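A.B. asks: Have a look at this fold, sequence not included:
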Ligand SMILES: Nc1nc2c(ncn2[C@@H]2O[C@H](COP(=O)(O)OP(=O)(O)OP(=O)(O)O)[C@@H](O)[C@H]2O)c(=O)[nH]1
């Protein structure tokens, strides 16, 4: 990127709420690389918003029958009232029976169901209304029924969606509109239809932008909530959530899943001799080095003061030992008095160590870390009863 385009890029990204990092900006485009914690929180939020939407529509849809009753002849208002009560029942079912399980596909299904109800109502009511010759006030109110696709697409603004998601959700409605215009199913003349379609596209664009801004806010908020502010590693509370998630996946899919418990050696000495700030800098340097050299998909959690947990999904015990070896070779930074920062490390893998749950898995890794301390520090213990790898002790 040249200087000018870099400046423009910086200006643009500075406009995003929460000042997203370069990597996070890609998350606004597509959800496929989102962190599992972000995906889970977003799935829950989307389903909650679907239910809120369903509540509003369940209340408002039957109320409008009063207007239909005043302006439309019988049996038109009666038929519309039946459709409205059917739609109301569908919205109420969505409100009462749909719950989030934290899965994104479950959230997409909720949006699809929410949009399907007014779409069916729109098709049925539109077909019915075109069979009547309405004039005056009833024609004006009847025309209002044609606005339903606009309301639906504007409704996208309620959800924290990435660009690709908004596009996928909006395209069936836009395609249906195009087809109905092309086949002259619409009662509008061609220029009016083209103008209305253009407006629909604009509304989709603005609603998608609102959705992206919501997503950007959410990314920034989730980052603040799940990261340790000093080291930028994951905080303990989010670490437990990630452990729970990966343990369940590993158990369900019978996949390997390893963790390493890292505790820096003689860290208190750094604080005592060189002050707390030097200690902080050491922790930051250690985290940066591990983050740089760990595998994509692994997660570093600050478990306590100078204790860290490295979560390694789909990793067997020997593969975890190789990964830890690589991290140790890359180093954990330098002590203020000179010499390398070292760590005592315990590794455990759920099936090899027969851990019943993630807490037990962490407990085993913790015990092995303690064994590494007892064994003289600066070493790795990855199995009982004795250290299998003790380097540089
Ligand atoms: N600078 C800094 N120090 C911290 C932080 N959190 C915990 N500590 C310090 O880390 C030190 C941990 O000391 P110990 O548990 O005795 O561990 P150690 O000195 O590394 O000794 P061994 O683990 O036995 O090798 C304590 O002095 C804590 O105050 C932090 O965020 N910043």
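C.D. replies: Done, it's in. Remember, predicted model here, so these are calculated numbers, not experimental data.

A.B. asks: how near is residue 102 to residue 207?
C.D. replies: 25 Å (CB to CB, to the nearest Å). All C-beta atoms are positioned from the backbone trio N, CA, C, and that covers glycine.

A.B. asks: Neighbour count: these two, which is higher?
C.D. replies: Legend: neighbour count by other CB atoms under 10 Å for residue 102 and residue 207, higher for residue 207 (22 against 15).

A.B. asks: List the contacts of the more buried one.
C.D. replies: Residue 207 makes contact with 153-157, 166, 170 under the criterion CB atoms under 8 Å, 6 or more residues apart in numbering.

A.B. asks: name the element it belongs to?
C.D. replies: Secondary structure assignment for residue 207, by DSSP states H and E: helix 190-226.

A.B. asks: How about the residues of this protein by the ligand?
C.D. replies: When proximity is defined by CB under 6 Å from any ligand atom, the chain lies next to the ligand at 230, 263-269, 271, 276, 279-280, 283, 305-306, 373, 377.

A.B. asks: Let me see the domain layout of the protein.
C.D. replies: Using automatic domain parsing, the domain parsing of the chain gives 3-225, 236-381.

A.B. asks: Would you mind finding the most buried of those?
C.D. replies: Stretch with highest mean neighbour count among those: domain 236-381 (a mean of 18; mean count of other CB atoms under 10 Å).

A.B. asks: ok, residues contacting stretch 28-48?
C.D. replies: Surrounding stretch 28-48, the residues in contact under the criterion CB under 8 Å, 6+ apart are 16, 20, 26-27, 98-104, 106-107, 110-111, 159-160, 162-165, 212, 215-216, 218-219, 222, 226, 238, 241-242, 245-246.

A.B. asks: Quick one: mean pLDDT for that stretch?
C.D. replies: For stretch 28-48, the mean pLDDT works out to 91.

A.B. asks: Likewise for stretch 317-331?
C.D. replies: Over the span of stretch 317-331, the pLDDT mean works out to 95.

A.B. asks: That stretch: how far from the chain's middle?
C.D. replies: Distance, stretch centre to chain centre, for stretch 317-331: 30 Å (CA atoms, centre = their mean, to the nearest Å).

A.B. asks: Next: stretch 70-78.
C.D. replies: Relative to the chain's own centre, stretch 70-78 is displaced by 46 Å; criterion: CA atoms, centre = their mean.

A.B. asks: what's the answer for stretch 49-66, then?
C.D. replies: With CA atoms, centre = their mean as the basis, stretch 49-66 stands 27 Å off its chain's centre.

A.B. asks: helices or strands next to the helix or strand hosting residue 249 in the packing?
C.D. replies: In this assignment (DSSP H and E), residue 249 forms part of helix 236-253. Contacts defined by 3 or more CB pairs under 8 Å, 6 or more residues apart in numbering; DSSP states H and E place helix 236-253 against helix 36-63, helix 190-226, strand 257-264, strand 299-304, strand 307-313, helix 358-374.

A.B. asks: Worst mean pLDDT among those?
C.D. replies: Here the helices and strands packed on helix 236-253 differ in mean pLDDT, and the lowest is helix 190-226 at a mean of 88.

A.B. asks: Next, the angle from that helix to strand 299-304.
C.D. replies: Put simply, helix 190-226 runs at 40 degrees to strand 299-304, going by axes from the mean of the first three to the mean of the last three CA atoms, to 10 degrees.

A.B. asks: ok now helix 190-226, how far from the chain's centre?
C.D. replies: On the basis of CA atoms, centre = their mean, helix 190-226 sits 17 Å off its chain's mean C-alpha point.

A.B. asks: Now do it against helix 36-63, angle only.
C.D. replies: Using the same axes, to 10 degrees: helix 190-226 against helix 36-63 is 140 degrees.

A.B. asks: Chain neighbours aside, what residue packs nearest to the closest residue to the ligand within the stretch 51-200 of the chain?
C.D. replies: Nearest residue of the stretch 51-200 of the chain to the ligand: residue 102, at 31.1 Å (CB to the nearest ligand atom). Nearest non-adjacent residue to residue 102, counting by CB to CB, 6 or more residues apart in numbering: residue 40, 4.4 Å away.

A.B. asks: And the one you found, how far from residue 241?
C.D. replies: Residue 40 sits 8 Å away from residue 241, going by CB to CB.

A.B. asks: Which one of the contacts of residue 207 is nearest to residue 353?
C.D. replies: Nearest to residue 353 among these is residue 166, at 44.5 Å by CB to CB.

A.B. asks: does that closest one really touch residue 208, like I thought?
C.D. replies: Yes: look at residue 166 against residue 208 with CB atoms under 8 Å: they come within range, at 3.8 Å.

A.B. asks: and for the two, which residues touch both?
C.D. replies: Residues touching both residue 166 and residue 208 (CB under 8 Å, 6+ apart): residue 156.

A.B. asks: Who are the contact partners of residue 304?
C.D. replies: For residue 304, the contact set (CB under 8 Å, 6+ apart) comprises residue 236.

A.B. asks: Okay, and the beta partners of it?
C.D. replies: Bridge pairing for residue 304 (DSSP bridges) gives the partners residue 307.

A.B. asks: With residue 231 as the reference, measure out to it.
C.D. replies: Remark: distance between residue 304 and residue 231 (CB to CB) = 12 Å.

A.B. asks: isn't residue 317 right up against residue 351?
C.D. replies: No: counting by CB under 8 Å, residue 317 stays clear of residue 351, with 9.2 Å between them.

A.B. asks: Spell out which residues are contacts of both of those two.
C.D. replies: Counting by CB under 8 Å, 6+ apart, the contacts common to residue 317 and residue 351 are residue 256.

A.B. asks: Helix or strand: which one has residue 116?
C.D. replies: Residue 116 is part of helix 104-130 when elements are defined by DSSP H and E.
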